[in-house]
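Colleague: Structural data only, the sequence is not supplied:
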């Protein structure tokens, strides 16, 4: 698309006294009256982000009535619609905070499940399952990436979107007034450091006694604020020049100056410092014997979370694995950590023998990783029971302690 992209950010209120059905009807009417190429709605605008008691009752599939109605509105209006996020119920019953991009043909172009779930005074991380992937999608407007609220605090996610070619990143949010200064800094920062348009739609008004920040904003790839809302429900409009991201990147090619070799060596592959296979037969045998282990992670308040687990060691790869449910506390703590891995410790003790493995943990939920981890678990312990919500805690080992 060479013509300017007309963006309309609908900064919605979610009054406590308004039920979900009435709110959906109201917003559908607003969408149909909006003249724009790109229309954006905020995070969990149907349920209200802070109404945690409604999540289970109002969750629905992406084939449910809310997304179906939004698809029809986008088709009638002939616009791209980032339909905010809904509490999505997956086929296996898990709940996700899912943002949907709908094309002008009414088809779902992209669905993003929020990766970083908020846990400070919020029940989101307890009630929902974190997403495991990010991605971009080519559209008639340019290449678009999606992010949700708390994701703003994690620059790695936005760099992944930039590496995926993103030219426009849309952030849907329910950001409270108490952290408005952070919102303003982070939205501009993510646009500047990735040289993208950042279109951020926030909620307005009060939700469950909390004042929302509003301040929806459109930032260009140079960090210029093109349009910004106040605290009340309103529509923010701006025009995006499709050639602007490429022009900024050509003028100031900061992304080409990254020293990726240094980043990769220090951040993603610390196991090259360790020769686990060469630590001797006693060490390897100890980690093949059938022993219960402890896994230690860190809660948001800094206190340790310790739980008994079964673990397997892959010395050649420098990786330890733990199978668990995606809804387990340990899985949620790891999912909420940095994209490159959450610091953890695995320990097993047998009499005077003990061994601790420290490293960076990430979650894997793809079928191949789960099947491989289950096979290794069965070799050391027994065949695990079937669990459709199973994920793998994969620990890239950076330090070994102990006496065996």
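Modeller: Now that the structure is in, tell me what you want to look at. Computed from a predicted structure; not experimentally measured. Numbering: from 1, shown residues only.
Colleague: What segments of the stretch 1-150 of the chain are strands?
Modeller: 5-11, 38-40, 80-89, 95-102, 108-113, 136-139, 142-148 (DSSP state E, counting those that start in this stretch).
Colleague: helices or strands up against the second one?
Modeller: Counting by 3 or more C-beta pairs under 8 Å, 6 or more residues apart in numbering; DSSP states H and E, the packing neighbours recorded for strand 38-40 are strand 5-11, strand 80-89, strand 168-172, strand 197-201. Where C-beta positions appear, they are placed from N, C-alpha and C, glycine not excepted.
Colleague: TSV for those strands, including distance to residue 95?
Modeller: Converted to TSV, the helices and strands packed on strand 38-40 look like this (distance: least, C-beta to C-beta, whole Å):
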stretch	distance to residue 95
strand 5-11	24
strand 80-89	6
strand 168-172	17
strand 197-201	22
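Colleague: Need those strands in TSV (columns: mean neighbour count, mean pLDDT and distance to residue 242).
Modeller: Formatted as TSV, these follow (neighbours: other C-beta atoms under 10 Å; pLDDT from 0 to 100; distance: least, C-beta to C-beta, whole Å):
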stretch	mean neighbour count	mean pLDDT	distance to residue 242
strand 5-11	24	98	6
strand 80-89	26	97	13
strand 168-172	28	99	9
strand 197-201	29	99	9
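Colleague: Show me the one of the ones you listed that comes nearest residue 377.
Modeller: Residue 377 lies closest to strand 80-89 among these, at 28.7 Å (C-beta to C-beta).
Colleague: ok and that closest one relative to strand 95-102, angle-wise?
Modeller: 160 degrees (axes from the mean of the first three to the mean of the last three C-alpha atoms, to 10 degrees).
Colleague: where do the helices sit along this structure?
Modeller: 20-32, 55-58, 65-77, 124-127, 155-163, 180-194, 244-251, 260-267, 281-286, 329-335, 367-380 (DSSP state H).
Colleague: what's the most centrally placed residue in the chain in contact with, if anything?
Modeller: Taking C-alpha atoms, centre = their mean, the centroid of the chain lies closest to residue 115, which sits 1.8 Å from it. Residues in contact with residue 115, defined by C-beta atoms under 8 Å, 6 or more residues apart in numbering, are 130, 131, 132, 133, 134, 151, 154, 157, 335, 339.
Colleague: top strand in the chain by residue count?
Modeller: Ranked by residue count and defined by DSSP state E, the top strand of the chain is strand 390-403.
Colleague: Neighbouring strands - and their directions - for that one?
Modeller: Strand pairing for strand 390-403, using DSSP bridges, gives strand 319-325 (antiparallel), strand 353-364 (antiparallel).
Colleague: quick one: the last one to helix 367-380, angle?
Modeller: Computed by the same axes, to 10 degrees, the angle separating strand 353-364 from helix 367-380 equals 160 degrees.
Colleague: Which parts of the protein belong to which domain?
Modeller: 5-258, 266-403 (automatic domain parsing).
Colleague: Least confident of these, on average?
Modeller: Of all the domains of the chain, domain 266-403 carries the lowest average pLDDT, namely a mean of 88.
Colleague: now residue 401: how far from residue 337?
Modeller: 22 Å (C-beta to C-beta, to the nearest Å).
Colleague: Of these two, which one has the most company?
Modeller: Ranked by neighbour count (other C-beta atoms under 10 Å), residue 401 and residue 337 place residue 337 first, with 20 against 11.
Colleague: how far away is that one from residue 363?
Modeller: Taken as C-beta to C-beta, the span from residue 337 to residue 363 is 10 Å.
Colleague: Tell me if I'm right that residue 190 and residue 152 touch.
Modeller: Yes - between residue 190 and residue 152 there is a contact at 6.4 Å, judged by C-beta atoms under 8 Å.
Colleague: if I look at these two, which residues touch both of them?
Modeller: Common neighbours of residue 190 and residue 152, using C-beta under 8 Å, 6+ apart, are residue 171.
Colleague: between the two, which one's more packed in?
Modeller: residue 190 (27 against 23).
Colleague: residues contacting that one?
Modeller: Residue 190 sits next to 152, 155, 158, 169, 171, 196, 198 when contact means C-beta under 8 Å, 6+ apart.
Colleague: again, only this time at 10 Å
Modeller: Residue 190 is in contact with 147, 151-155, 157-159, 161-162, 169, 171, 196, 198, 200, 219, 223, counting by C-beta atoms under 10 Å, 6 or more residues apart in numbering.
Colleague: just the buried members of the residues you listed?
Modeller: 147, 151-152, 154-155, 157-159, 161-162, 169, 171, 196, 198, 200, 219, 223 (16 or more other C-beta atoms under 10 Å).
Colleague: Among the helices of the chain, which comes closest to residue 104?
Modeller: helix 65-77 (6.3 Å).
Colleague: tell me which strands and helices that closest one is in contact with?
Modeller: helix 20-32, strand 38-40, strand 80-89, strand 95-102, strand 108-113 (3 or more C-beta pairs under 10 Å, 6 or more residues apart in numbering; DSSP states H and E).
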